[in-house]
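Peer 1: Mind looking at a prediction? Sequence and model below.
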Amino acid sequence: MDQNLEVEKQEKGFTLVELLIVIVILGILAAVTVFAVRGITDKATENSCATEKRAIETATEAYYADNGSDAPTMAALAPTYMREAPDSARWSFTAGSPPVITGIGDCALVVVTTTVAATTTT
């Protein structure tokens, strides 16, 4: 009878080693997931900046084609050439001939300074 009680007590629950192994495996899976998601969000930011830069360049060229001069500010591009003015926290616009578009903040490392070439007609 005592042997049956002893056997029942030994079969209940998990050992400390088993629990530690499960915790370590879960930690490894969590670390892999975090690094995978970080790579995805970095790529999304990079693509967003590149797309926005191309939109600003296109709007600047369209402004020049319509007005015969360069846009004085990014705000001058909206709403005719862009739905809304680009975020000044992400972009710096230096008026001139040609204007210079520089990435700031999260776009600074992704997009290099771009000089928009103005089309001249003769």
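Peer 2: That came through fine.

Peer 1: for the strand or helix carrying residue 24, packing partners?
Peer 2: Under the criterion of DSSP states H and E, residue 24 resides in helix 16-67. Judged by 3 or more C-beta pairs under 8 Å, 6 or more residues apart in numbering; DSSP states H and E, helix 16-67 is in contact with strand 91-94, strand 100-103. C-beta: built from backbone N, CA, C; applies to glycine.

Peer 1: Rounded mean pLDDT for it, please.
Peer 2: Confidence for helix 16-67, expressed as mean pLDDT, is 90.

Peer 1: That one: how far from the chain's middle?
Peer 2: Taking C-alpha atoms, centre = their mean, to the nearest Å, one finds the center of helix 16-67 at 5 Å from the center of the full chain.

Peer 1: Could you do stretch 12-19 as well?
Peer 2: 43 Å.

Peer 1: And that stretch, end to end?
Peer 2: Start-to-end span of stretch 12-19 (C-alpha to C-alpha, to the nearest Å) is 14 Å.

Peer 1: Quick check: buried residues in that stretch?
Peer 2: Within stretch 12-19, no residue is scored as buried using 16 or more other C-beta atoms under 10 Å.
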